[in-house]
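K.L.:
Build the 3D model from these lines:
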Amino acid sequence: MLPSPEPMATAPGSWPALRRQPLPAARLLVCSGLGLVLLACSRTPGPPQVVAADGVLCDLSQRLAGGKLSVSCLLQPSDDPHEFRLSPQQKTQISGARLLLISGYDLTPALAGLPGAVAVSEQAVPQPPRLTPKDQHPSGDHDHDPASGHHHGGQDPHLWHNPRQAAAMAAVIAGQFSQLDPAAAEGIQQRSKAMAALLERLDAWNRVQFNALPRPWPPLASSHRAFASLAQAYDLDELPLVDATSTSETLRPDAFRQVIETLQAGSIPRLFAEQIPPAKTLQRISELSGVPIAAVPLTADGLAMGPEGPLSLMATLVRNTCTIVEGWGGRCDRQGGEALTQAWSRIN
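P.N.:
Modelled structure (predicted):
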């Protein structure tokens, strides 16, 4: 494998710009004086190249690397990991890497069979929340295209919605990085411990936000079951209405009626979309049930988008919690959430 380009600072989920690494002046003089054309004289070896598949892995990886490894991100923020397909350029990107990190549990099916890929979530959480057929589709009856997304073999791949599981993912990545660059291992492990401490604080902050709401809590009515890890961590009930990210998903009349009746009987204050604008099926459910859709969507598959690009993982998780709590009529400690986000941004 040829030496890789020098990394440039990139936001999570973005494509790194590539440029040649300048030759040190002393080395240039030696090479010129000898008149030798040597690869060692033309370029110094760069740091190990790592490709992280999705936004969550990118944010964790870039912060853990601390500039000692070059981390590039495979998926663009607009890419759906469930339906992602590799382009020729992305295949080249992967072929030049020393390490490929994927989430696992079929979050990105197109990457699951790649040789040497490290499935971070599968190593971090060997026993994730299981999704039974009833759990996945409580409405029971809807048209379904087998080629569409959100099929995970009965296991929830969205593990980072539980902060403790996100910390386990960071620890797996830190272990891989420490093996790849032993000289940088001490700093990598320090950053991993800092992440774990902040994610533990997020877990405690989440509990305070939810426990301030009067019980019983309403079900978390979202498009599809992407929040099983969040629900398991905080004892929430899920009501996944329909896998709405694919146009092939359409509720049949009987199932549609059942969903409407469930919403009207359940004292549910908000529906939560996972995209803007909300899927047409969810909009129709909202119109017929009279249950409004929350103004801010929940981010299920990666990082939330901010005005200047993808937010960090911490900012995404804080925003999701506030969206749910405020959608249920509570008040979210946004100042405390911002403090967590700022502390996370200092890990690099």
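
K.L.:
And the helices in the protein?
P.N.:
Under the criterion DSSP state H, the chain contains helices at 25-34, 39-42, 55-65, 88-95, 120-124, 133-136, 163-180, 185-211, 228-234, 253-265, 280-289, 313-327, 334-345.

K.L.:
Which one of those helices lies nearest to residue 110?
P.N.:
Among these, the nearest to residue 110 by CB to CB is helix 88-95 (9.8 Å). C-beta coordinates here come from the backbone N, C-alpha and C atoms, glycine included.

K.L.:
So for that closest one, mean pLDDT?
P.N.:
What helix 88-95 shows for mean pLDDT is 95.

K.L.:
Stretch 161-180 too?
P.N.:
99.

K.L.:
Going by neighbour count, list what's buried in it.
P.N.:
161-163, 165-178, 180 (16 or more other CB atoms under 10 Å).

K.L.:
Kindly report the same for stretch 103-113.
P.N.:
For stretch 103-113, burial by neighbour count (16+ other CB under 10 Å) applies to 103-109, 111.

K.L.:
likewise stretch 264-279?
P.N.:
268, 270-275, 278-279.

K.L.:
In JSON lines: the residues you listed, plus pLDDT and distance to residue 192.
P.N.:
Shown next, in JSON lines, are the buried residues of stretch 264-279 (pLDDT from 0 to 100; distance: CB to CB, whole Å):
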{"residue": "268", "pLDDT": "94", "distance to residue 192": "39"}
{"residue": "270", "pLDDT": "97", "distance to residue 192": "36"}
{"residue": "271", "pLDDT": "98", "distance to residue 192": "37"}
{"residue": "272", "pLDDT": "98", "distance to residue 192": "31"}
{"residue": "273", "pLDDT": "96", "distance to residue 192": "34"}
{"residue": "274", "pLDDT": "93", "distance to residue 192": "29"}
{"residue": "275", "pLDDT": "90", "distance to residue 192": "32"}
{"residue": "278", "pLDDT": "93", "distance to residue 192": "37"}
{"residue": "279", "pLDDT": "89", "distance to residue 192": "37"}
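
K.L.:
Farthest-apart pair in these, please.
P.N.:
Pairwise across the buried residues of stretch 264-279, and taking CB to CB, the largest span is found between 268 and 275, at 19.7 Å.

K.L.:
okay, now the closest residue to residue 169 other than its chain neighbours: neighbour count?
P.N.:
Nearest residue to residue 169, sequence neighbours excluded (CB to CB, 6 or more residues apart in numbering): residue 124, at 4.5 Å. By the criterion of other CB atoms under 10 Å, residue 124 has 21 neighbours.

K.L.:
ok, now residue 194?
P.N.:
Residues lying near residue 194 (other CB under 10 Å) number 17.

K.L.:
ok, it - contacts?
P.N.:
For residue 194, the contact set (CB atoms under 8 Å, 6 or more residues apart in numbering) comprises residue 347.

K.L.:
Could you measure from it over to residue 348?
P.N.:
10 Å (CB to CB, to the nearest Å).

K.L.:
What of residue 179?
P.N.:
Note on residue 179: its distance to residue 348, by CB to CB, is 21 Å.
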